[in-house]
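Asker: My questions concern the predicted model and sequence given below.
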Protein chains: 2
Amino acid sequence: MPDLFPPRPTDKKRLEEGDTFAPKFDEHGLIPCITTHAETGEVLMFAYMNALSLQKTIETGLVHYWSRSRGKLWLKGESSGMSQHVVQLLTDCDQDALVARVTIGKATKGGVQASCHVGYPNCFYRAIPTGTGEEADLPKLETVAQKVYDPDEVYGDS
Amino acid sequence: MPDLFPPRPTDKKRLEEGDTFAPKFDEHGLIPCITTHAETGEVLMFAYMNALSLQKTIETGLVHYWSRSRGKLWLKGESSGMSQHVVQLLTDCDQDALVARVTIGKATKGGVQASCHVGYPNCFYRAIPTGTGEEADLPKLETVAQKVYDPDEVYGDS
């Protein structure tokens, strides 16, 4: 499957400014993917793809990840119905990260559009206070979003 | 330095919904950070922090990364002047990724606001065609942005 993607150009200019798509997979065979909402720009989630999930994503236009916890190909939305439809897939200068700009399919149950399994619209619902200059204190997280669905209803008790 | 951050809660609900900031550093001591423009929402870049750079970012409100290629603490903008000022720092459900929402300092030379060393406003300036269904063909990257500064002028020849 990794044959799909060519060897990485050794020339930095070709890698950074050429049209050869030569993604870098890490020592676990994974490349990080930042998924954003194509309309609002919000960062929905962050996950990893292997060569197979990247190939499936390119071919189908539906985002596939590699689930590290389950060790398997993960078609986003296969349980929840909240699939991710690629509007644009981008890579960065050194081609070791991806951005997937997506729209979201409606959940089979509840009809909401979300991407986080905890019930929030996206996974980044807690803020870390910064700029306090107080080295000794551990910063406490502040929840800055509201849940839009009940995970028990969408995912069941599994 | 990692003493700054507490042990990870073993209880999933506490990890995902509590106020304890217990970031997960990978086997290299790093956590991925997605940096977005606080005003436009665009994904500017993707890099890594170690415990020291995360601590410095929290204390100063200026984004510090860990440069994997140079093996050193990296205050973004120290060469280019294009520093990143934290408006909001977020973590995700399982606390193994960060989003830094920032504004950008003006370059010491040229006065532009950008985040990619190649000269583009952000690192994700090339698109991968999707949904073609043509398994055999390698997708060719398409450049979808324009350079806003000359890296040779900002970084010199170093």
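Answerer: The structure has been received and is ready for your questions.
Asker: Could you look up the SS state of A:G29?
Answerer: coil (DSSP: H, G, I helix; E, B strand; the rest coil).
Asker: Report pLDDT for the residue nearest to it when sequence neighbours are not counted.
Answerer: Nearest residue to A:G29, sequence neighbours excluded (CB to CB, 6 or more residues apart in numbering or on different chains): A:N50, at 5.0 Å. Glycine gets a C-beta too; all of them are placed from N, C-alpha and C. pLDDT, A:N50: 97.
Asker: and A:N50, what does it touch?
Answerer: For A:N50, the contact set (CB atoms under 8 Å, 6 or more residues apart in numbering or on different chains) comprises A:25, A:29-31, A:66.
Asker: care to break chain A down by domain?
Answerer: A:29-107, A:116-150 (automatic domain parsing).
Asker: Is there contact, residue-wise, from the last one to chain B?
Answerer: To tie it back to what came earlier, the one meant is domain A:116-150. Yes. Residues of domain A:116-150 are located near chain B by CB under 8 Å from any CB of the partner chain, namely A:116-118, A:120, A:123-135, A:138-144.
Asker: Next step: these restricted to strands.
Answerer: Among these, DSSP state E puts A:126-128, A:142-143 in strands.
Asker: Beyond the helix or strand where A:K56 lies, next helix or strand please.
Answerer: If you go by DSSP states H and E, A:K56 is part of helix A:51-60. Next helix or strand after helix A:51-60 toward the C-terminus (DSSP H and E): strand A:64-67.
Asker: Name the residues that touch that following strand?
Answerer: Outside strand A:64-67, the residues touching it (CB under 8 Å, 6+ apart) are A:30, A:33, A:47-50, A:52-54, A:56-57, A:72-76.
Asker: Give the other helices and strands that the helix or strand hosting A:V99 contacts.
Answerer: A:V99 belongs to strand A:98-104 when assigned by DSSP H and E. Strand A:98-104 sits against strand A:31-37, strand A:43-49, strand A:84-91, with contacts defined as 3 or more CB pairs under 8 Å, 6 or more residues apart in numbering or on different chains; DSSP states H and E.
Asker: roughly how far apart are A:Q95 and chain B?
Answerer: For A:Q95, the distance to chain B (CB to the nearest CB, to the nearest Å) stands at 8 Å.
Asker: pLDDT score assigned to that residue?
Answerer: In this prediction, A:Q95 carries a pLDDT score of 98.
Asker: wait, it sits on A:E17?
Answerer: No. Applying CB atoms under 8 Å, one finds A:Q95 not in contact with A:E17, separated by 11.1 Å.
Asker: Tell me, how many residues neighbour A:P7?
Answerer: A:P7 is flanked by 7 other residues according to other CB atoms under 10 Å in any protein chain shown.
Asker: From A:K56, how far off is it?
Answerer: Separation of A:P7 from A:K56 (CB to CB, to the nearest Å): 22 Å.
Asker: ok so, going back, if you count what's nearby, which of A:Q95 and A:E17 comes out ahead?
Answerer: A:Q95 (23 against 17).
Asker: where in chain A is pLDDT low?
Answerer: Within chain A, the stretches with pLDDT under 70 are A:1-3, A:107-110, A:132-137, A:157-158.
Asker: that older thread, which of the ones in strands among the residues of domain A:116-150 next to chain B lies closest to chain B?
Answerer: A:I128 (4.5 Å; CB to the nearest CB).
Asker: What's the local residue count around the nearest residue to that closest one once chain neighbours are set aside?
Answerer: Among residues not flanking A:I128 along the chain, B:L89 sits closest, at 4.5 Å (CB to CB, 6+ apart). Around B:L89 there are 25 other residues, counting by other CB under 10 Å.
Asker: For B:L89, give the beta-bridge partners.
Answerer: Beta bridges link B:L89 to A:I128, B:A100, judged by DSSP bridges.
Asker: would you list the helices and strands packed on strand A:98-104 in TSV and tack on distance to B:V148?
Answerer: Formatted as TSV, the helices and strands packed on strand A:98-104 follow (distance: least, CB to CB, whole Å):
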stretch	distance to B:V148
strand A:31-37	21
strand A:43-49	23
strand A:84-91	17
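Asker: residues in contact with A:M49?
Answerer: A:30-31, A:33, A:57, A:64-66, A:98.
Asker: could you redo the last one with a cut-off of 10 Å?
Answerer: Applying CB atoms under 10 Å, 6 or more residues apart in numbering or on different chains to A:M49 gives the contacts A:23, A:25, A:29-33, A:55-57, A:63-66, A:73-74, A:98, A:100.
Asker: which of those count as buried?
Answerer: Among these, those buried by neighbour count (16 or more other CB atoms under 10 Å in any protein chain shown) are A:23, A:25, A:30-33, A:55-57, A:63-66, A:74, A:98, A:100.
Asker: any idea how far chain B is from A:L4?
Answerer: Distance from A:L4 to chain B, by CB to the nearest CB: 7 Å.
Asker: Cheers, nothing more for now.
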